[in-house]
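1. output the structure for:
(4 chains)
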There are 2 protein chains.
Amino acid sequence: MAVLLLVEDDAAIRSSLTRAMTERGHVVHSVGSALEALRAAVDVGPDVVLLDLGLPDLDGARIMPMLRAVVSVPIIITTARDDDDEIVALLDAGADDYVVKPFSAKQLDARVRAVLRRIGEPEADGPVVVGGLSIDPRTREVQLDGQQVSLTPKEFALLLLLAQRAGEVVSKRDILAEVWRLPQGGSDKTVDVHVSWLRRKLGESADEPRYLHSVRGVGVRLVDPG
Amino acid sequence: MAVLLLVEDDAAIRSSLTRAMTERGHVVHSVGSALEALRAAVDVGPDVVLLDLGLPDLDGARIMPMLRAVVSVPIIITTARDDDDEIVALLDAGADDYVVKPFSAKQLDARVRAVLRRIGEPEADGPVVVGGLSIDPRTREVQLDGQQVSLTPKEFALLLLLAQRAGEVVSKRDILAEVWRLPQGGSDKTVDVHVSWLRRKLGESADEPRYLHSVRGVGVRLVDPG
DNA sequence: GCGGACGTCAAGGGAGGGTTAAGGCCCAGC
DNA sequence: GCTGGGCCTTAACCCTCCCTTGACGTCCGC
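-> Prediction:
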């Protein structure tokens, strides 16, 4: 399904992950050091890099920007430390996702697919338009029927996510994963509240929604009313 | 005169070149391997890289594109082989110049200065105009409604970056990467302070910005008020 | 009717931005 | 070599805004 570059110094983990991912249909190139990783990234041109943080020759946090610079490729961090601050810092520094060891092959595979899906999508940075709603990630402007709407960061991220998947029901689990992105995440309640605020700012009510339709037991769906 | 990164595995050559170049007014960082070179390129931010082709851990030809990708910096190849084809290939691959060993410090210095002079010039870009704001990279002059505004180097670089991406939200991360060029250094706070100073010099306030709009949680946006 | 899910409100705590000032570095001028 | 000024960074403070959480009401489905 995809070409993975696995960077992991522990040979046992490396081989078991290689096998597991291969079984799941990926092509896996595995290396054990940062230097090899850089070389392989250029030579192999992987679709995703799975990067272990505890490398012998160079700290993972250090190598990430280099990797990022050498090839434009999504990076999934694999780490043994479940340290919130560190993870947030890495995501800020440009990591696309992370998994905390020990993790299952299934989970890792899910992350890989999620990342691939995310970058496979338009991502053209152009404004997303749904009905009378226009959301521009570059300028961070939102317009409703030509009228400027001012949103908070979370509201904006939420609306953008829903708009990118317009017509589709997005589960609260997905929403929390994409918008909140924190290890323990928020609760469903938080999502509800933000949806409520969005509705107010979009001039609609939960009873008579124009764009934001709740789907009981599942999640939220942004609908083109036209 | 310039910050040089010397990549050379032979310790004797390394120390003699370091001394010679230092005497000629350069600041020299020297390393003996490709991996160190990548790290130092990011950390030090040299003006020129002097790259030996015969490195122990990674072929010089291999490391060049990586180096190129990590930092935008001219590279001068130093090689013992006087092989035309190889040299042509390297120049094609993006090397800026080369010297064949044995060479004199004087000769190397001349190459360094030539490369610096060459890349120091290009800034052929015309002024960037946004509303009543005009920023000229060539003359480093900034005018606001016809009035000259005097900026410090960082202020100028920041304003230019924002103007080049006028209308677009530029993240603090991007700003630090573009203006500060120090992958690990520099905090968001520093950006805030410079924005504050820019606002003052542009005669606007954070509450009622005319050009410089902060976007909470993301970064800054330079807007054409017209 | 009951439990669970959703909607809304309000409170509080926290994070981020604005601003000022202090300290360090570098260079120019003496 | 010394000194002064310009510039940048960082710390500290304040303030605003935003997010979270708990409470409570409502509606749906069983």
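
2. any stretches of chain A with poor pLDDT?
-> A:57-62, A:65, A:69-70, A:81-89, A:92-93, A:119-125, A:183-185 (pLDDT under 70).

3. do you have the strands of it handy? List them.
-> Listed in chain order, the strands of chain A (DSSP state E) span A:3-7, A:27-31, A:48-52, A:75-79, A:97-100, A:128-130, A:133-136, A:141-144, A:147-149, A:169-171, A:212-215, A:219-222.

4. would you mind listing what in chain A touches DNA strand D?
-> Within reach of DNA strand D by Cβ under 7 Å from any atom of the strand, chain A has these residues: A:152-155, A:180, A:186-187, A:189-190, A:193-194, A:216. Where C-beta positions appear, they are placed from N, C-alpha and C, glycine not excepted.

5. save those as CSV, and put in neighbour count too.
-> Shown next, in CSV, are the residues of chain A next to DNA strand D (neighbours: other Cβ atoms under 10 Å in any protein chain shown):
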residue, neighbour count
A:T152, 14
A:P153, 13
A:K154, 18
A:E155, 19
A:W180, 18
A:G186, 16
A:S187, 12
A:K189, 9
A:T190, 16
A:V193, 13
A:H194, 22
A:R216, 5
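
6. CSV for the residues you listed, including distance to B:L51?
-> Below are the residues of chain A next to DNA strand D laid out as CSV (distance: Cβ to Cβ, whole Å):
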residue, distance to B:L51
A:T152, 48
A:P153, 43
A:K154, 47
A:E155, 49
A:W180, 45
A:G186, 49
A:S187, 54
A:K189, 57
A:T190, 52
A:V193, 56
A:H194, 52
A:R216, 63
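
7. identify the farthest-apart pair in these.
-> Distance extremes for the residues of chain A next to DNA strand D: the farthest pair is A:P153 and A:R216 at 27.4 Å, using Cβ to Cβ.

8. sorry, back to before: want to throw the strands of chain A into CSV with mean neighbour count?
-> Converted to CSV, the strands of chain A look like this (neighbours: other Cβ under 10 Å):
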stretch, mean neighbour count
strand A:3-7, 24
strand A:27-31, 18
strand A:48-52, 24
strand A:75-79, 22
strand A:97-100, 19
strand A:128-130, 18
strand A:133-136, 20
strand A:141-144, 19
strand A:147-149, 12
strand A:169-171, 17
strand A:212-215, 16
strand A:219-222, 22
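
9. how far does stretch A:8-23 sit from its chain's centre?
-> 23 Å (Cα atoms, centre = their mean, to the nearest Å).

10. quick one: buried residues of it?
-> A:8, A:13-14, A:17-18, A:20-21 (16 or more other Cβ atoms under 10 Å in any protein chain shown).

11. mind checking if that stretch is in reach of chain B?
-> No. Applying Cβ under 8 Å from any Cβ of the partner chain, one finds stretch A:8-23 separated from chain B by no less than 14.7 Å.

12. neighbouring contacts of that stretch?
-> The contact list for stretch A:8-23, computed with Cβ atoms under 8 Å, 6 or more residues apart in numbering or on different chains, reads A:4, A:6, A:28, A:30, A:32-33, A:50, A:52, A:54-56, A:78, A:105, A:108-109, A:112.

13. 6 Å - rerun?
-> A:4, A:6, A:28, A:30, A:32, A:52, A:55-56, A:105 (Cβ atoms under 6 Å, 6 or more residues apart in numbering or on different chains).

14. identify the farthest-apart pair in those residues.
-> Taking Cβ to Cβ, no two of the contacts of stretch A:8-23 sit farther apart than A:P56 and A:A105, at 24.1 Å.

15. neighbour count for these two, which is higher?
-> Between A:P56 and A:A105, counted using other Cβ atoms under 10 Å in any protein chain shown, the more crowded position is A:A105 (14 against 9).

16. distance of the closest residue to that one other than its chain neighbours from A:L6?
-> With Cβ to Cβ, 6 or more residues apart in numbering or on different chains as the measure, A:A20 is the residue that lies nearest to A:A105, at 3.5 Å, once sequence neighbours are left out. Distance from A:A20 to A:L6, counting by Cβ to Cβ, to the nearest Å: 10 Å.

17. which residue ranges form the helices in chain A?
-> All helices of chain A, identified by DSSP state H, fall at A:11-23, A:34-44, A:60-70, A:84-92, A:105-120, A:153-164, A:172-175, A:188-201.

18. for the ones you listed, which one sits closest to DNA strand C?
-> For DNA strand C, the closest of the helices of chain A is helix A:188-201, at 3.5 Å, according to Cβ to the nearest atom of the strand.

19. what about that closest one, near DNA strand C?
-> Yes. For a cut-off given as Cβ under 7 Å from any atom of the strand, helix A:188-201 has contacts with DNA strand C, namely A:188-189, A:192-193, A:195-196, A:199-200.

20. which one of those residues is nearest to chain B?
-> The nearest member of those to chain B, counting by Cβ to the nearest Cβ, is A:V193 at 17.4 Å.

21. could I have the CA atoms of stretch A:212-226 written out in CSV?
-> Extracted as CSV, the C-alpha positions of stretch A:212-226 are listed here (Å, rounded to 0.1, in the frame of the first residue of the first chain):
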residue,chain,number,x,y,z
LEU,A,212,-24.0,21.6,11.1
HIS,A,213,-26.0,18.5,11.6
SER,A,214,-25.5,16.3,14.6
VAL,A,215,-25.9,12.6,14.0
ARG,A,216,-26.9,11.1,17.2
GLY,A,217,-24.5,8.4,18.6
VAL,A,218,-22.0,9.0,15.8
GLY,A,219,-20.8,12.5,15.3
VAL,A,220,-21.3,15.6,13.2
ARG,A,221,-21.8,16.2,9.5
LEU,A,222,-21.4,19.4,7.6
VAL,A,223,-24.0,19.6,4.8
ASP,A,224,-24.3,21.7,1.8
PRO,A,225,-27.8,23.1,2.1
GLY,A,226,-28.0,24.0,-1.6
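
22. wait, isn't A:G94 in contact with A:S72?
-> No. Counting by Cβ atoms under 6 Å, A:G94 stays clear of A:S72, with 10.7 Å between them.

23. ok, the two, which is more surrounded?
-> Between A:G94 and A:S72, A:G94 has the larger neighbour count (other Cβ under 10 Å), namely 14 against 8.

24. report how many residues lie close to the residue nearest to that one when sequence neighbours are not counted.
-> Among residues not flanking A:G94 along the chain, A:R68 sits closest, at 5.3 Å (Cβ to Cβ, 6+ apart). Other residues near A:R68 number 19, with proximity taken as other Cβ under 10 Å.
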